[in-house]
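Enquirer: got a predicted structure plus its sequence, pasted below:
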Amino acid sequence: MTHTLIGYARCSTDKQDLAAQHDALLKLGVAADRIYTDKGLTGTNRDRPGLDQALAAVRSGDTLVVPKLDRLARSVPDARAIGDGLAARGVKLQLGASVHDPADPMGKLFFNILATFAEFEADLIKLRTREGMAVARAKGKLRGKKPKLSDRQQKELRRMYDTDDYSISDLAELFSISRPTVYRTLGRHAATAAAAA
């Protein structure tokens with residue numbers, strides 16, 4: 001009976017690159033056509049089509065290979081559910097170069113410790129991001145999106161709109177902005193005028 005290695009790689013954002021994880025899986029012996037991936041999905045998002053395909057591809061005796069545990073799951077319950085599901089089907093889990101047998105008590109303990117660290121790391125990242133945004137907000141560096149048009153352009157857009165010679169679509173095309181942006185600009189201008197009156 002042949003034992004197949006099935007690989008899984010994931011990155012959280014579309015900007016991140018899967019190449020390093022892909023190369024790591026190839027080095028660990030996974031065939032290129034046996035690697036499943038998810039891009040732009042966080043580990044906390046359980047709706048991961050690539051992971052679902054990888055889990056569907058493994059059979060009893062096979063090994064699911066993941067470069068690091070945090071690529072597979074970002075919470076202890078999620079990691080445990082995946083690990084237990086694999087163990088119940090007779091599938092081994094390989095994290096990097098280490099193969100973990102969830103049926104072995106030491107393997108199970110080690111897997112749970114790794115899952116706890118992965119969740120802790122994810123929580124720390126969230127916390128640091130929130131703190132960074134709070135600091136930026138306090139310094140006045142986080143003010144939301146800047147208007148797409150300068151004050152002068154906004155006044156000109158309003159003036160052109162008031163002449164009744166230009167439609168919303170015309171203005172959107174002339175100023176290279178979307179129609180909703182035209183409506184927002186006119187709304188902002190009207191609110192400013194009303195406040196000044």
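Expert: Good, I have the coordinates. Numbering: from 1, shown residues only.
Enquirer: remind me, longest helix of the chain?
Expert: Determined from DSSP state H, the single longest helix within the chain is helix 105-138.
Enquirer: for it, packing partners?
Expert: Contact analysis of helix 105-138 by 3 or more CB pairs under 8 Å, 6 or more residues apart in numbering; DSSP states H and E lists helix 69-72, helix 76-88, strand 98-100 as its packing neighbours. To be clear about C-beta, it is placed using only N, CA and C from the backbone, and glycine gets the same treatment.
Enquirer: so which of these is the most surrounded?
Expert: Per-stretch averages of neighbours, counted by mean count of other CB atoms under 10 Å, single out helix 69-72 among these, with a mean of 23.
Enquirer: who are the packing partners of that one?
Expert: With contacts defined as 3+ CB pairs under 8 Å, 6+ apart, helix 69-72 has these neighbours: strand 5-11, helix 76-88, helix 105-138.
Enquirer: in JSON lines: the ones you listed, plus mean pLDDT and distance to Leu26.
Expert: Formatted as JSON lines, the helices and strands packed on helix 69-72 follow (pLDDT from 0 to 100; distance: least, CB to CB, whole Å):
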{"stretch": "strand 5-11", "mean pLDDT": "91", "distance to Leu26": "8"}
{"stretch": "helix 76-88", "mean pLDDT": "84", "distance to Leu26": "22"}
{"stretch": "helix 105-138", "mean pLDDT": "75", "distance to Leu26": "23"}
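Enquirer: and these as JSON lines, adding distance to Ala172?
Expert: Shown next, in JSON lines, are the helices and strands packed on helix 69-72 (distance: least, CB to CB, whole Å):
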{"stretch": "strand 5-11", "distance to Ala172": "35"}
{"stretch": "helix 76-88", "distance to Ala172": "44"}
{"stretch": "helix 105-138", "distance to Ala172": "32"}
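Enquirer: looking at those, which is buried most?
Expert: Of all the helices and strands packed on helix 69-72, as judged by average neighbours under mean count of other CB under 10 Å, the leader is strand 5-11 with a mean of 24.
Enquirer: who touches that strand?
Expert: 17-18, 21-22, 25, 28-31, 34-41, 43, 48, 50-51, 54, 57-58, 62-67, 71-72, 94 (CB atoms under 8 Å, 6 or more residues apart in numbering).
Enquirer: if you set the cut-off to 6 Å instead, what comes out?
Expert: Contacts with strand 5-11, where a contact means CB atoms under 6 Å, 6 or more residues apart in numbering, come from 18, 21-22, 25, 29-30, 34-39, 51, 54, 57-58, 62-66, 71.
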